[in-house]
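Visitor: predicted model and sequence follow; I will ask about them next.
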Amino acid sequence: MLKYFKVMKFIEKLDQACQQNNSLVCIGLDTDLGKIPKHLLNDEDPLFAFNRAIIDQTADLVCAYKPNMAFYEMHGIYGMESLMRTIEYIPKHIPVILDAKRGDIGNTAAAYAKAIFDVYKADATTVNPYLGPDSVLPFAEYRDKGVFVLCLTSNQGARVLQSHGVESGDIALYLKVVKYSLLWNQQYNNIGLVVGATKPQELKEIRSQVGNMPILIPGVGAQGGSVKDSVTAGADKNGLHAIINSSRAIIYADASENFARAARAAAQTLRDEINQYRKSSPPGVQS
């Protein structure tokens, strides 16, 4: 007898992982061969060996993993194979946000979406909206996937374009991105935003406008964003849907053979700090 399984949407998978692990922590797998412990360089696939060890130690502490494609693409076919092995290895109940920041139009955007969702089998990705809806909607057509639109990023130079309009008294560009993302989400119900932890006041303003839409929040840890501000400004009224990403501060917490256990300790510390500031924990989960 054939069995039919309901395809779990990204937001359902995210909520389930958050509840199971009582966590808003997303670990960025920005794996750099120049920074991983030297003994791993003797492995046939050092990138995957490093990632596997991190995942083994942290899978019960996270709500998502976020590999950044750049750290794998720069190694050509070898790196992309490592990325695919990593995504395949991540436990199926934990969503994978493939940080690709793609942004193109028409058939090109559709081809990028097919690669990310059908070939790499990511649960969600990041998208640059600079070319307008043509660069976002081909991704949103994958209704069970998540699409995080770059809105207000954590890097220092972001304001040059993203805050454009403020000085002239017009609405800031990033708020226009919020406006259109809300419209797209009404149609597709799978849109989220990327808002940096280094912009807490703007993050609070954006959360007030988007309700319970998921917000991916990079910038805590090495970039100096406040954990408290990220949680209190970024989580929704139920203490959910803030995906707080930390990469270097966790995966490079230690450069010795003890690196994976050190990464676990850093992830657990971040999870516990986040949970101090959440309004509530997911139902049925003990802090």
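Guide: In hand now; what should we look at? Since the structure is predicted, the reported quantities are computational estimates derived from the model, not experimental observations. Residues are numbered from 1 along each chain as shown.
Visitor: need the pLDDT of Ala267.
Guide: With respect to pLDDT, Ala267 scores 98.
Visitor: burial of it, as a residue count?
Guide: Using other Cβ atoms under 10 Å, Ala267 has 25 neighbouring residues. All C-beta spots, glycine's among them, are computed from the backbone N, C-alpha and C.
Visitor: how close does the residue nearest to Leu41 when sequence neighbours are not counted get to Ile94?
Guide: Of all residues not flanking Leu41 in the chain, Leu33 sits nearest, at 7.1 Å (Cβ to Cβ, 6 or more residues apart in numbering). With distances taken as Cβ to Cβ, to the nearest Å, Leu33 is found 25 Å from Ile94.
Visitor: which one of the two has more residues nearby?
Guide: Shown here are Leu33 and Ile94; by other Cβ under 10 Å, Ile94 has more neighbours (24 against 14).
Visitor: which SS class is that one?
Guide: For Ile94, the assignment made with DSSP: H, G, I helix; E, B strand; the rest coil gives coil.
Visitor: contacting residues for it?
Guide: Going by Cβ atoms under 8 Å, 6 or more residues apart in numbering, Ile94 touches 13, 17, 59, 62-65.
Visitor: try Ala115
Guide: If you count contacts by Cβ under 8 Å, 6+ apart, Ala115 has none.
Visitor: beyond the helix or strand of the chain with the lowest mean pLDDT, next helix or strand please.
Guide: Ranking every helix and strand in the chain by mean pLDDT, DSSP states H and E puts helix 159-162 at the bottom, with a mean of 62. Next in sequence after helix 159-162, counting helices and strands by DSSP states H and E, comes helix 173-188.
Visitor: would you put the C-alpha positions of that following helix in CSV?
Guide: Taking Å, rounded to 0.1, in the frame of the first residue of the first chain, the C-alpha atoms of helix 173-188 are listed here in CSV:
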residue,chain,number,x,y,z
LEU,A,173,14.3,51.9,1.3
TYR,A,174,14.3,49.1,3.9
LEU,A,175,10.8,50.0,5.0
LYS,A,176,9.7,49.7,1.3
VAL,A,177,11.1,46.2,1.4
VAL,A,178,9.0,45.5,4.4
LYS,A,179,5.9,46.9,2.7
TYR,A,180,6.3,44.7,-0.4
SER,A,181,7.4,41.6,1.6
LEU,A,182,4.1,41.9,3.5
LEU,A,183,2.2,41.9,0.2
TRP,A,184,4.2,39.0,-1.1
ASN,A,185,3.6,37.1,2.1
GLN,A,186,-0.2,37.6,1.8
GLN,A,187,0.0,35.8,-1.5
TYR,A,188,2.5,33.1,-0.8
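Visitor: what packs against that helix?
Guide: Contacts defined by 3 or more Cβ pairs under 8 Å, 6 or more residues apart in numbering; DSSP states H and E place helix 173-188 against helix 137-140, strand 146-152, helix 159-162, strand 191-195, helix 200-210.
Visitor: 6 Å - rerun?
Guide: Judged by 3 or more Cβ pairs under 6 Å, 6 or more residues apart in numbering; DSSP states H and E, the packing partners of helix 173-188 are strand 146-152, strand 191-195.
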